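Enquirer: below are the sequence and a predicted model for it; my questions follow.
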Amino acid sequence: MKTHTMMAALLLLLSSSFSLTSTALASPAQSTEKSAVVQARGIVNDVNLEAGNLNIDHEAIPALRWPQMTMDFEVTDKSLLNGLQPGQKIVFGLVKASPGVYLISHIKKAK
């Protein structure tokens, strides 16, 4: 009985330790990645207020290693889309929502 109790305690200790260590190691990098804002420039092709997204022909985005291309982006807040028109030049910020998924966090008219 003592052996089973000791084994259970050891397993609990090891799993707790692993969980804390992996959380401590993963959290700083994840929070840094998610909070980083990548700046980009582009031209609005289409705005979908209802869906909360827009289609942009953006310049290359070196920070993400993305070439110039046309993409659909969702926004963090649908109000960011108010006043945007196709053909408008914009500067926008992208934040990482999940692996491979970026959302627009802010939009300004480009000069």
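Expert: Looks like it arrived, so ask away.
Enquirer: which pLDDT value belongs to the nearest residue to Ala40 once chain neighbours are set aside?
Expert: Of all residues not flanking Ala40 in the chain, Ile61 sits nearest, at 4.9 Å (C-beta to C-beta, 6 or more residues apart in numbering). C-beta here means a position set from N, CA and C on the backbone, and glycine is covered the same way. With respect to pLDDT, Ile61 has a value of 97.
Enquirer: quick one: contacts for Ile61?
Expert: Residues near Ile61 by C-beta atoms under 8 Å, 6 or more residues apart in numbering: Val38, Ala40, Leu94.
Enquirer: parallel or antiparallel, list what pairs with the helix or strand in which the first one is found.
Expert: What it means is Val38. In the assignment (DSSP states H and E), Val38 maps to strand 37-48. Strand 37-48 pairs in its sheet with strand 53-58 (antiparallel), strand 89-98 (antiparallel), by DSSP bridges.
Enquirer: ok, and what's touching the next helix or strand after the longest one?
Expert: Yep, that's strand 89-98 we're talking about. The helix or strand immediately downstream of strand 89-98 is strand 101-109, counting by DSSP H and E. Residues from elsewhere that reach strand 101-109 (C-beta under 8 Å, 6+ apart): 37-38, 54, 64, 73-76, 80-81, 84, 88-97.
Enquirer: what do you get if the cut-off is 7 Å, keeping everything else the same?
Expert: For strand 101-109, the external contacting residues (C-beta atoms under 7 Å, 6 or more residues apart in numbering) are 37, 73-76, 80, 84, 88, 90-97.
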